[in-house]
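A.B. asks: I would like to see how this sequence folds:
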Amino acid sequence: MSSNPNDPAPYGQAYAQNAPVQGPAKTNTLAIVALILGIVVAPGGIICGIISLKQIARTGEAGRGMAKAGLIIGIILTVLWILYVVFAIIVAVAMVNSGTQLDTGSM
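C.D. replies: Sure, this is the predicted structure:
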């Protein structure tokens with residue numbers, strides 16, 4: 001028996017069959033959008049992250065990490081934004097109640 005792969009297979013033996021080549025799994029588009037929105041518009045990242053994780057679980061597409069990252073970044077930035085607004089309101093109320101006034105320089 002010859003070791004040359006170009007030689008025909010001997011009588012009664014089948015040719016070696018190559019397995020079909022599959023490309024990489026398609027990345028879920030909404031997962032990419034979730035990651036971008038998680039950074040730019042945090043609540044949008046939360047919404048898109050949740051939806052894309054459900055789609056990925058159903059379809060088996062790639063992008064689970066991006067969807068999770070968009071969701072987590074969106075949650076963190078939304079919480080930080082809420083804390084900032086609450087802090088700003090508390091400071092504004094404290095300034096009004098303390099009677100702090102701006103000196104307009106009446107001369």
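
A.B. asks: mind listing the helices for the protein?
C.D. replies: 29-40, 42-59, 64-98 (DSSP state H).

A.B. asks: Distance from the chain centre to the last one, please.
C.D. replies: Think helix 64-98. 19 Å (C-alpha atoms, centre = their mean, to the nearest Å).

A.B. asks: now do stretch 18-37
C.D. replies: Its chain's average C-alpha position is 13 Å from that of stretch 18-37, according to C-alpha atoms, centre = their mean.

A.B. asks: and of the helices of the chain, who's closest to residue 22?
C.D. replies: helix 42-59 (15.4 Å; C-beta to C-beta). Heads up, the C-betas are built off the backbone N, CA and C, glycines and all.

A.B. asks: what residue ranges in this structure score low on pLDDT?
C.D. replies: Flagging of the chain using pLDDT under 70 yields the residue ranges 1-17, 19, 21, 100-107.

A.B. asks: Thanks a lot, see you next time.
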